[in-house]
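# predicted structure and sequence below. I'll ask about it afterward.
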Amino acid sequence: MDKRQRLTTIHGDAIEELKKLPSKSVRLIVTDPPYNLNKDYGNTKDKLDFDDYIEFSRQWLIEAKRVLTDDGTIYVFMGMRYISYIYNILEQELGMHFNSWITWFYTQGIGKTRGYSPRHDDILMFTKHPKKFVFHLDEIRVPQKYYRSVNNMRGANPGNVWEFSHMHYSNKNRQNHPTQKPEALFERMILASSSPDDLVLDPFVGSGTALRVCQQTGRLGIGIDINPEYIEMTKERLDTPFSGFDSIDVRMERVPNDLNNPDIREDYIKNHIEWFLNYHPDAISNFMNEVNKKYGHKMLKSGQQDLFNML
């Protein structure tokens with residue numbers, strides 16, 4: 001089946017369109033809703049009265065819980081001003097189960113002259129069941145700093161602080177959207193909390209990042225947006241040839257120290273590309289350059305120089 005046929009874009013109000021979806025039909029919700037910070041989203045302005053915004057959030061989250069499977073998960077991006085209220089709705093009102101508070105750290109952001117410039121966004125992860133939920137840790141591990149036989153060389157847990165660059169306006173994948181998020185953020189959440197052919201939903205699809213990641217990782221996807229221009233933007237993005245996700249955790253290119261055994265070193269180099277760079281072919285050359293810097297002289301002695309030609 002063509003990858004585009006596995007993805008559905010819906011133009012409409014998130015709450016009303018969520019009501020049309022069957023209960024317990026979605027394995028994962030990953031979404032970046034409006035933060036109520038007066039952003040310009042074309043045909044809508046992100047500026048509601050406090051009570052109206054909280055009620056808006058409550059209504060879409062009620063529907064989100066309904067459509068999630070019993071082992072489903074929701075990730076919600078949210079700015080600091082309202083995140084505590086979203087947390088309260090999810091836990092105290094809807095009875096969902098808190099799992100993680102993820103901090104997305106970035107090195108560049110809004111500059112302030114009175115007060116401290118913000119350098120992070122937050123992501124809440126809640127599950128419908130406290131223990132029975134999908135989580136594929138092996139799909140999202142990051143390379144170890146050192147090779148040790150006692151380590152899991154498949155990699156380490158990435159932790160709850162994630163460093164990814166902002167979507168700079170010079171990025172070739174930058175869309176005409178005010179709050180576009182890096183694909184690698186969605187890659188990690190979608191790989192961790194869903195399986196191939198699972199249905200993933202983004203009720204505020206915006207520039208289409210969630211559906212682009214679903215497309216490339218073998219998931220089914222539904223994206224909803226009230227702005228028809230964003231729906232068209234998403235469709236165009238899905239038709240763009242894929243050469244790798246537009247961002248990467250810099251740790252994915254890390255080469256462990258102490259890979260001194262030639263056989264272990266060769267197996268690890270081959271596995272690293274499959275484990276950590278599967279959706280980042282444009283990063284393989286950087287990884288191999290790091291391998292060469294760290295182990296090139298040893299690989300010359302062990303006759304492993306052909307690895308640089310093969311990969």
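Okay, I see it.

# show me where the stretch 201-311 of the chain has strands.
220-225 (DSSP state E, counting those that start in this stretch).

# in it, where is pLDDT below threshold?
Along the stretch 201-311 of the chain, the parts satisfying pLDDT under 70 run over 310-311.

# against Glu183, how distant is the spatially closest residue to Met80 that is not a sequence neighbour?
Excluding the flanking residues, the one nearest Met80 by Cβ to Cβ, 6 or more residues apart in numbering is Asp122, at 6.7 Å. In short, each C-beta sits where N, CA and C put it, glycine included. From Asp122 across to Glu183, the span is 19 Å (Cβ to Cβ, to the nearest Å).

# so for the two, which sits in the more crowded spot?
Each of Asp122 and Glu183 has its neighbours counted (other Cβ atoms under 10 Å); Glu183 has more, 24 against 16.

# for the residue nearest to Met80, give me phi and psi.
Torsion angles at Asp122 (phi, psi; degrees, to the nearest 10) stand at phi -120, psi 150.

# would you agree Trp104 falls within a strand?
Yes: with DSSP: H, G, I helix; E, B strand; the rest coil as the criterion, Trp104 is part of a strand.

# that one touches Leu185, doesn't it?
Yes: using Cβ atoms under 8 Å, Trp104 makes contact with Leu185 at a distance of 6.3 Å.

# those two: who's more crowded?
Higher neighbour count among Trp104 and Leu185: Leu185, with 25 against 18, using other Cβ under 10 Å.

# list the residues that contact Thr209.
180-183, 185-186 (Cβ atoms under 8 Å, 6 or more residues apart in numbering).

# from those, which ones fall inside helices?
183, 185-186 (DSSP state H).

# closest one to Glu274 out of those residues, please.
Set against Glu274, the nearest of the ones in helices among the contacts of Thr209 by Cβ to Cβ is Glu183 (19.2 Å).

# pLDDT weak spots in the stretch 51-200 of the chain?
Using pLDDT under 70, the stretch 51-200 of the chain drops low at 107-110, 166-180.

# ranges for the helices of it?
Per DSSP state H, counting those that start in this stretch, the stretch 51-200 of the chain carries helices over the ranges 83-88, 183-193.

# distance of the spatially closest residue to Arg58 that is not a sequence neighbour relative to Trp60?
Computed as Cβ to Cβ, 6+ apart, the closest residue to Arg58 that is not its neighbour in sequence is Ile89, at 5.4 Å. Separation of Ile89 from Trp60 (Cβ to Cβ): 10 Å.
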